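Chemist: Dropping the sequence and predicted coords here.
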Amino acid sequence: MIYLDHHATTPCSPAVAETVCRYLTRWISPRESETIQAQAAEAVIAGLHAPARRRQRVIWTSGATESLNLAIRGCAERIEEHDHNRVILTTGIEHKAVLMPIAHLVRHRQWRLEQIPTDDAGLVDFSAFERMLSYLAPSMVCVGAVNNEIGTVQDLARLHAACEDRGVVLIVDASQAFGICDLHGDLIALSAHKFYGPRGVGALVMTAGHYPREQILGGGQQGGIRAGTLPLPLIAGMGEAARATETWREAGGADVMRALATDLYTRVCAGVEERTAVWLNGPHDARHPGNISLTIAGIDAADLRASMPQVVCSQGAVCSNGQASHVLHTIGLLPVHAAGTLRFGVGRDTTSREVREASALVVRQVCALLDAVRVS
């Protein structure tokens, strides 16, 4: 099996698994618990690569979905207490973990949602964004640092500066972005399993002055912001994963990943371009180094995946439950082209041999499917 779906999840690294198991099998004293949390939080904050002007604090959650719900709904409650403008901005290419909490605010809390325009690569139209900040006076903006389908990397530093100038809270979905780009924002949501950590743990990194109202009620843990007993072994594992990600980043791991993804794209294009049209979705430069969102005209991506079970890839977000991709629709792809789109996610452990074998198999099966269509 060749695993090329690292945007869906990454394998827990052996060092992280060892750390988790070590803390699973023994009692942890209150003092050691504080140390584990502090060291993990330090590693996570360091990995953001965006020094904040104010103190940052980490709230441990079950993952980015919970973190985003806490940030969006919890900040909305804070804003409502002060009777600020109930307007939130986001883009049309966000994950449902962003879109669904916002939809809840619109349906049940009288919030107004306005969509930030993006170009055909998924990049925010910054001129339009600045105009929206001026004439809509939103209280919150929520954007993904890196898109989970087409790999678009937003200019968070610029977006955050514009929000800060106007006193607007910027919430960032950084699920795909830890170790990939610098993460600027007031509240930043993370999932450990996206960067070779354990499943079931995540974080919300908050800047002082932007603490949300609690959404899970109970014993008042984590300063009353998120109740519940902390999964200390998983937190220790997330800290280990954050440190390993920093080492990988400093060693130029992204360049190696980008070269492998480019090789995959080049080989597939060279193999099928005489038979059918093929193109890359998303930007060529400002993109996740391991992402290839590839549209192949004239084939059905579901049939292609079924014909090559040796290669693990996806047709889009794994959590879309088979629904048509709203991301591809937003960037202007026709439904027939969206149906012919595959997402490959190269990982840290992907080898050049795996890329060669996978690309050869993709080419062979695309040609076979095209031949079958011609015969029929």
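Modeler: Arrived safely.

Chemist: need the contact list for Phe310.
Modeler: Not Phe; residue 310 is Gln. Neighbouring residues of Gln310 by CB atoms under 8 Å, 6 or more residues apart in numbering: 1-2, 361. In this view, the C-beta of every residue, glycine as well, is placed from N, C-alpha and C.

Chemist: Which one of those residues is nearest to Arg22?
Modeler: Met1 (29.0 Å; CB to CB).

Chemist: Return the per-residue confidence for that closest one.
Modeler: On the pLDDT scale, Met1 is placed at 95.

Chemist: Now do the same contact list for it.
Modeler: Neighbouring residues of Met1 by CB under 8 Å, 6+ apart: 310-312.

Chemist: Which of the residues you listed fall within strands?
Modeler: Here DSSP state E is the test, and the contacts of Met1 give 311-312 as lying in strands.

Chemist: List just the nearest of the contacts of Met1 to Glu240.
Modeler: Val312 (25.1 Å).

Chemist: hang on, isn't the closest one packed against Ile2?
Modeler: Yes - Val312 lies in contact with Ile2 (CB atoms under 8 Å); the separation is 6.8 Å.

Chemist: show me where the stretch 51-200 of the chain has strands.
Modeler: With strands called from DSSP state E, counting those that start in this stretch, the stretch 51-200 of the chain shows them at 56-61, 87-91, 112-116, 140-144, 169-173, 187-191.

Chemist: Please report the number of neighbouring residues for Thr262.
Modeler: Using other CB atoms under 10 Å, Thr262 has 15 other residues around it.

Chemist: Pull the residues that contact the one helix or strand it maps to.
Modeler: Element membership for Thr262 (DSSP states H and E) is helix 253-272. Applying CB under 8 Å, 6+ apart, the contact partners of helix 253-272 are 4, 179-180, 278, 280, 289-292, 294, 296, 344, 346-348, 350, 352, 355-356, 358-360, 362-363, 366-367.

Chemist: Then stretch 112-120?
Modeler: So stretch 112-120 is in contact with 86-93, 102-103, 105-106, 124-125, 128-129, 132, 136, 138, 141, 143, 330-332, going by CB under 8 Å, 6+ apart.

Chemist: are any of these buried, and which?
Modeler: 86-91, 93, 102, 105, 124, 129, 132, 138, 141, 143, 330-331 (16 or more other CB atoms under 10 Å).

Chemist: Dump stretch 334-350 to PDB, restricted to CA.
Modeler: Taking C-alpha atoms only, stretch 334-350 is exported to PDB below (Å, rounded to 0.1, in the frame of the first residue of the first chain):
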ATOM      1  CA  LEU A 334     -17.700  22.500 -13.200                       C
ATOM      2  CA  PRO A 335     -19.400  19.500 -11.600                       C
ATOM      3  CA  VAL A 336     -18.100  17.200 -14.300                       C
ATOM      4  CA  HIS A 337     -14.500  18.300 -13.600                       C
ATOM      5  CA  ALA A 338     -15.000  18.200  -9.800                       C
ATOM      6  CA  ALA A 339     -16.000  14.500 -10.300                       C
ATOM      7  CA  GLY A 340     -12.700  13.900 -12.000                       C
ATOM      8  CA  THR A 341     -10.600  15.400  -9.200                       C
ATOM      9  CA  LEU A 342      -8.200  13.500  -6.900                       C
ATOM     10  CA  ARG A 343      -6.400  14.800  -3.900                       C
ATOM     11  CA  PHE A 344      -2.900  13.400  -3.100                       C
ATOM     12  CA  GLY A 345      -1.200  14.300   0.100                       C
ATOM     13  CA  VAL A 346       2.600  13.500   0.200                       C
ATOM     14  CA  GLY A 347       3.900  13.000   3.700                       C
ATOM     15  CA  ARG A 348       7.200  13.200   5.500                       C
ATOM     16  CA  ASP A 349       7.900   9.500   5.100                       C
ATOM     17  CA  THR A 350       6.900   9.300   1.400                       C
END
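
Chemist: Okay, buried residues for it please.
Modeler: Burial within stretch 334-350, assessed by neighbour count using 16+ other CB under 10 Å, is assigned to 337-348, 350.

Chemist: and it, what's its mean pLDDT?
Modeler: According to the model, stretch 334-350 has a mean pLDDT of 96.

Chemist: what's the spacing between it and its chain's center?
Modeler: Relative to its parent chain, stretch 334-350 has a centroid offset of 15 Å by CA atoms, centre = their mean, to the nearest Å.

Chemist: do stretch 69-84 as well
Modeler: 23 Å.

Chemist: what's that stretch in contact with?
Modeler: 59, 61, 86, 88, 97-98, 101-102, 104-105, 109, 111, 139-140, 142, 169, 171, 187, 189, 204, 206, 210-216, 225-226.

Chemist: Straight-line length of stretch 7-18, end to end?
Modeler: Chord length of stretch 7-18, first to last residue, is 23 Å (CA to CA, to the nearest Å).

Chemist: quick one: average pLDDT of it?
Modeler: Stretch 7-18 comes out at a mean pLDDT of 97.

Chemist: Now that stretch: buried residues?
Modeler: 7-8, 10, 12-13, 16-17.

Chemist: which of those residues lies closest to Leu232?
Modeler: Closest to Leu232, out of all of these and judged by CB to CB, is Val16, at 14.1 Å.

Chemist: Okay, the closest one and Gly253: tell me how far apart.
Modeler: Counting by CB to CB, to the nearest Å, the gap from Val16 to Gly253 is 16 Å.

Chemist: The strands of the stretch 51-200 of the chain into a markdown table, with extra columns for mean pLDDT and distance to Ala41?
Modeler: Shown next, in a markdown table, are those (pLDDT from 0 to 100; distance: least, CB to CB, whole Å):
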| stretch | mean pLDDT | distance to Ala41 |
| --- | --- | --- |
| strand 56-61 | 96 | 4 |
| strand 87-91 | 98 | 27 |
| strand 112-116 | 98 | 31 |
| strand 140-144 | 98 | 23 |
| strand 169-173 | 98 | 17 |
| strand 187-191 | 98 | 11 |
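
Chemist: Next, the angle from the lowest-mean-pLDDT helix or strand in the chain to helix 253-272.
Modeler: When the helices and strands of the chain are compared on mean pLDDT, DSSP states H and E, helix 352-375 comes out lowest with a mean of 92. Counting by axes from the mean of the first three to the mean of the last three CA atoms, to 10 degrees, helix 352-375 points 30 degrees away from the direction of helix 253-272.
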